[in-house]
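> using only what follows, build the 3D model:
(2 chains)
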Amino acid sequence: MKTSLGTIRSGLGTDTSSLIALLIVVVLGFSIASPQFMTAANLGSMGFQMPLLGLLTLAMLAPIISGGFNLAVTYTANMSGLTLAWVLLQFGGKDAGVGALVLGCLAAIAVGMLAGAIIGFVVAYVGAHPILVSLAMMIFLRGLGEFLTRGGDISGVPDYMRVLGHETLIGIPVPLLLFGAVAIVWHILLRRTQHGFSVTMTGSNQMAAEYSGLHTKRTLVLLYTLSGLLCAIAGILMLARFNSVRVGHGEALLLVTVLACFLGGVDPFGGYGRVVPVVVSLVILQILSSGLNLIGANQHMATAVWGLFLIAVMVLRSEQVKMVLGFFKKS
Amino acid sequence: MKKSFLLLAASAIATLGMTFTASAEGATIGVVVKIGGIPWFNAMEDGIKKRAAELGVEAEMIGPVSADPALQVQAIEDLIAKGVKVIGVVPNDESALEPVLKKARDAGIKVIAHEGPNLNNVDWDFELASTKGLGEAHAKLLAKTIGDTGKYAVYVGSLTVPLHNAWADAAIAWLKAEKPGIQMIGERYGVGENVDAARSTALDLIAANPDLTGFLAFGSQGPIGAARAVEERRKIGDIAVVGIFSPGQGQKLVHEGALTGGYMWSPAQAGEVFVTLGKMLAEGEEVKDGADIPGLGVVHPNFETRDIITDNILEINKDSIDALADQGL
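Residues are numbered from 1 along each chain as shown, chains lettered A, B, ... in the order given. This is a model prediction of the structure:
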């Protein structure tokens, strides 16, 4: 028993197992508090809500591991969504065919990757701080989007896009399946490929990585480009979910993506971070958000609870606390 | 490691426990508003709570932490999962809510909107003020204050704000038809959202037109700026200022007489109507033409667009302003 537990633990990593403990506590707490919590309707509702935040969080994750930041995630997603909506509109809006959808998605992905690539290029070759560069990109995209749409929205997407945003496949929400697939690919990319290794080493110590023969500049450009790609997928999903797109949709999610990364044990200074604990922390945040809505708590309270959780997790992870706990264990 | 689990668990339970104090069990009406924590929607929440207690139904208001349509969609999805009977919504962005409101209606939930006349997936949208009614009310107040002859200037928030211009259109049309002795000077001035621009424009207009007797100001800062100019030029009593403004901000000016008054609708009343209509619809009652609904009065619904548009406007004047300002409006 003990050995099998140990295997699981080493497989998941200690950060994940402590998060899973937290997850169990939260699930138990809400199950007791609200009879509606453990119902299919609520679980489905959470399954529809989480993927959007999840995709944006994964888009934030890789830059943070590399010691950077991508503040432009939500606006990149908006811009990609606008691109897709615009292409669909050219082919008749609600009556656009599947061909138009594919073309639009490709265009949206191209726009997202371009926005990411520009950030990556400036970060890598100009050497400006990623927070500044991505902030500038965020302001640029927001301004550009507001200029192009005059602050209004583009709506009217073909009915079959509902499948992506609101249908289920064998009982699992389609957005959740999409998120699951992306998360697995992202995990493999960051843990098992040369690129992932390069990202981690760059975040750990860019100078040392450079001298060790890693092409850190190329790595940075590629990783921000891929981050932009994920934003584009998030933008497409947002369009399918809301049936319309406007600059500013989802902007409240930006800081939550950072919160989810740090709750998932990603090193704020770069060099360490894994997909699995981040996904678990996303689930925890979603449960807190939906659970608090279920029991009818104040929305502002939910934000405060998220903050408290983050502080609690940081305190428990600190070396000092571990030392104190170790002392008590001995005595 | 085990101890840290326990600590984590304890902190989790503690934070959850804190939130239970604010919980309400089994609400059947859930109203999602644009944003929580601002005076307008706090007043609406008071209205919802008050009416729910009167009718003996469960009702709650959800105010997202920012005016982001994505958060409204999430809140509505949570309400669907919770199994409420009625969902009310004051939309930030009408089209972003259509899919989730369709989902709600497919689940058999009644949907009521306020300030969202163009929504399609609703059972009813109700409004407490019509564009024409609100514009004409201000025109009548201006005419009542300055008499049958005079000259007035018009402010709007900006020349591109559709609502302000629609109010101004209605007011100007009424004055032209009913009070030919009252003339408008110049064109509309788009300074109504900037208190300094409104004040300096008013000073210029007063200097250029010694016979000016009124300002008709739409845009939240327009009446305030114009009234300050009137006060500075010691024209209180000679020049009337009517318009839509925040009672708390205009309280002092109204008592001094620099600001004559204006009209608004009551968010608390809108909250009450959410509950009244919600209970009706949940019990399978239909809204009929000519029905007398508490909070709305006798209604003439538009069955095509599913809109119930009424004129339940409140006058803001010396007598009513203190009570409105006390509500934090």
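> contacts and neighbour counts: CA atoms only from here.
Noted.
> which stretches in chain A count as strands?
A:154-155, A:168-169, A:172-173, A:244-245 (DSSP state E).
> for the ones you listed, which one ends up most surrounded?
Looking across these with neighbours counted as mean count of other Cα atoms under 10 Å in any protein chain shown, the highest average goes to strand A:244-245: a mean of 28.
> parallel or antiparallel, list what pairs with that strand.
Strand A:244-245 has its sheet partners listed here by DSSP bridges as strand A:154-155 (antiparallel).
> tell me where the model's unsure across the stretch 201-331 of chain A.
Along the stretch 201-331 of chain A, segments meeting pLDDT under 70 span A:319-322, A:325, A:328-331.
> residue in it nearest to chain B?
Of all residues in the stretch 201-331 of chain A, A:F242 sits closest to chain B, at 4.5 Å by Cα to the nearest Cα.
> tell me who's in contact with the closest residue in space to that residue that isn't next to it in sequence.
Excluding the flanking residues, the one nearest A:F242 by Cα to Cα, 6 or more residues apart in numbering or on different chains is B:A96, at 4.5 Å. The contact partners of B:A96, by Cα atoms under 8 Å, 6 or more residues apart in numbering or on different chains, come to A:F242, A:N243, A:S244, A:V245, B:P69, B:A70, B:V73.
> and for the first one, the neighbour number?
In this case it means A:F242. For A:F242, the count of nearby residues is 26 (other Cα atoms under 10 Å in any protein chain shown).
> my guess is it contacts B:K103. True?
No. Counting by Cα atoms under 8 Å, A:F242 does not reach B:K103; the two are 11.7 Å apart.
> the residue nearest to A:F242 is in what secondary structure piece?
helix B:94-106 (DSSP states H and E).
> retrieve the pLDDT associated with A:P51.
According to the prediction, A:P51 has pLDDT 93.
> scratch that, A:T193 is what I was asking about
A:T193 is assigned a predicted lDDT (pLDDT) of 89.
> returning to what we had before: which ones among the contacts of B:A96 map onto helices?
Among the contacts of B:A96, the members falling in helices (DSSP state H) are A:F242, B:P69, B:A70, B:V73.
> and the closest residue to the third one other than its chain neighbours, how many residues sit next to it?
It refers to B:A70. Of all residues not flanking B:A70 in the chain, A:G250 sits nearest, at 5.2 Å (Cα to Cα, 6+ apart). When neighbours are defined as other Cα under 10 Å, A:G250 has 22 of them.
> A:G250 against B:P69, yeah?
Yes. Here A:G250 reaches B:P69: they are 7.2 Å apart, a contact under Cα under 8 Å.
> any idea how far the residue of the stretch 201-331 of chain A closest to chain B is from A:L84?
13 Å (Cα to Cα, to the nearest Å).
> let me see the mean pLDDT of the helix or strand harbouring B:A323.
In this assignment (DSSP H and E), B:A323 forms part of helix B:321-326. Average pLDDT, helix B:321-326: 88.
> nearest residue to the middle of chain A?
By Cα atoms, centre = their mean, chain A has its centre lying nearest to A:T57, at 1.4 Å.
> could you pull up the contacting residues of that one?
Contacts of A:T57 by Cα under 8 Å, 6+ apart are A:T257, A:V258, A:A260, A:C261.
> next one: B:N42
By Cα under 8 Å, 6+ apart, B:N42 lies in contact with B:G36.
> the closest residue in space to B:S220 that isn't next to it in sequence: what secondary structure?
Leaving aside its sequence neighbours, B:S220 sits nearest to B:F245 (Cα to Cα, 6+ apart; 4.7 Å). Classification of B:F245 by DSSP: H, G, I helix; E, B strand; the rest coil places it in coil.
> from what I can see B:F245 touches B:P223, true?
Yes. Proximity of B:F245 to B:P223 meets the contact threshold set by Cα under 8 Å, at 6.5 Å.
> show me which residues of the stretch 51-200 of chain A sit near chain B.
By Cα under 8 Å from any Cα of the partner chain, the residues of the stretch 51-200 of chain A that approach chain B are A:S155.
> where does the stretch 51-200 of chain A get nearest to chain B, which residue?
For the stretch 51-200 of chain A, Cα to the nearest Cα, closest residue to chain B: A:S155, 6.6 Å.
> ok, that residue to B:E178 distance?
Between A:S155 and B:E178 the computed distance is 42 Å (Cα to Cα).
> tally of neighbours for residue 94?
Since no chain was named, I'll use chain A. For A:K94, the tally of surrounding residues (other Cα under 10 Å) stands at 15.
> sorry, I should have been clearer: chain B.
Neighbour count for B:E94, taken as other Cα under 10 Å: 19.
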